[in-house]
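Participant: next one to model:
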Amino acid sequence: MDSMSGMDMNSTTPSSDHDMSMMMMKSYLHFTSGDVVLFDTIAPSTPGTVFATCLVFFLVSVGDRYLRAVTRGVERRFAERLYRLAGGSEGERSANDSETHLPGPSSRPTTSKPNNGVLMPTSSNRFVPSHEFSRGALAGLQSTIHYTLMLVVMTFNVSYIISVVLGVVVGEIAFGRLNH
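Facilitator: Down below sits the predicted model:
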């Protein structure tokens, strides 16, 4: 018995679960089935289960692009709400869309126009709890999805990688134009 690996070199049976997971991990691009995905209990080994797993990763990637579009819309609504709270009105904002400063009394807050076309108060760093908690929840959800997809790609299974990339492409085509 080889004392370094904990395996009998004439046997294909590993001596521990740790050896089994190390034996199955391939550090090169491959199309083979049987890779452990996210949890030890998820290891698609038949063509049907690999396809279903790819479909799930594709849909998660599309959903990530949708969530990105939703986040942009939420940010826009927050900016418009801050503008209204600072004393602006919808009529003034649409009438003066091309200007960077609104005319009017000196008591009205100075506004600036960011890249997304929404006039915002220059004091836009104002803490509004409902905005900040919503923004934080969306950022946490996006990070969770991104790290999950990163772990999927780190299996080096080309079919999973293609599914993730195709999902991003299809999601961007479907939702990329929203809330820009």
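Participant: and Ala43, how far is that from Val36?
Facilitator: Ala43 is 5 Å from Val36, where distance means Cβ to Cβ, to the nearest Å. In this view, the C-beta of every residue, glycine as well, is placed from N, C-alpha and C.
Participant: just checking, next helix/strand downstream of the helix or strand hosting Thr148?
Facilitator: If you go by DSSP states H and E, Thr148 is part of helix 129-153. As assigned by DSSP H and E, the chain's next helix or strand after helix 129-153 is helix 158-175.
Participant: what's the angle from that following helix to helix 129-153?
Facilitator: Angle between the axes of helix 158-175 and helix 129-153 is 150 degrees (criterion: axes from the mean of the first three to the mean of the last three Cα atoms, to 10 degrees).
Participant: buried sites along helix 158-175?
Facilitator: By 16 or more other Cβ atoms under 10 Å, the buried positions in helix 158-175 come out as 159-161, 163-164, 167-168, 171-172, 175.
Participant: then stretch 58-72?
Facilitator: Within stretch 58-72, the residues that qualify as buried are 58, 60-62, 64-65, 67-72, counting by 16+ other Cβ under 10 Å.
Participant: biggest separation within those, which pair?
Facilitator: Phe58 and Arg72 (22.2 Å; Cβ to Cβ).
Participant: my read: Arg65 touches Arg177, true?
Facilitator: No - counting by Cβ atoms under 8 Å, Arg65 sits too far from Arg177 to count as a contact (11.0 Å).
Participant: ranges for the strands of the protein?
Facilitator: In the chain, the strands defined using DSSP state E lie at 111-112, 120-121.
Participant: and the first one, average pLDDT?
Facilitator: Looking back up the chat, that one is strand 111-112. The average pLDDT within strand 111-112 is 53.
Participant: same question for the last one.
Facilitator: In this model, strand 120-121 has an average pLDDT of 50.
Participant: just the helices in the protein please.
Facilitator: Assigned by DSSP state H, the chain shows helices spanning 17-24, 47-85, 90-95, 129-153, 158-175.
Participant: quick one, which of those helices gets closest to Phe31.
Facilitator: Closest approach to Phe31 among the helices of the chain (Cβ to Cβ): helix 158-175, 5.3 Å.
Participant: and the angle from the closest one to helix 47-85?
Facilitator: With the same axes, to 10 degrees defining the directions, helix 158-175 sits at 30 degrees from helix 47-85.
Participant: tell me, how many neighbours does Leu149 end up with?
Facilitator: 21 (other Cβ atoms under 10 Å).
Participant: nearest spatial neighbour of it, chain-adjacent residues omitted?
Facilitator: Among residues not flanking Leu149 along the chain, Val164 sits closest, at 5.4 Å (Cβ to Cβ, 6 or more residues apart in numbering).
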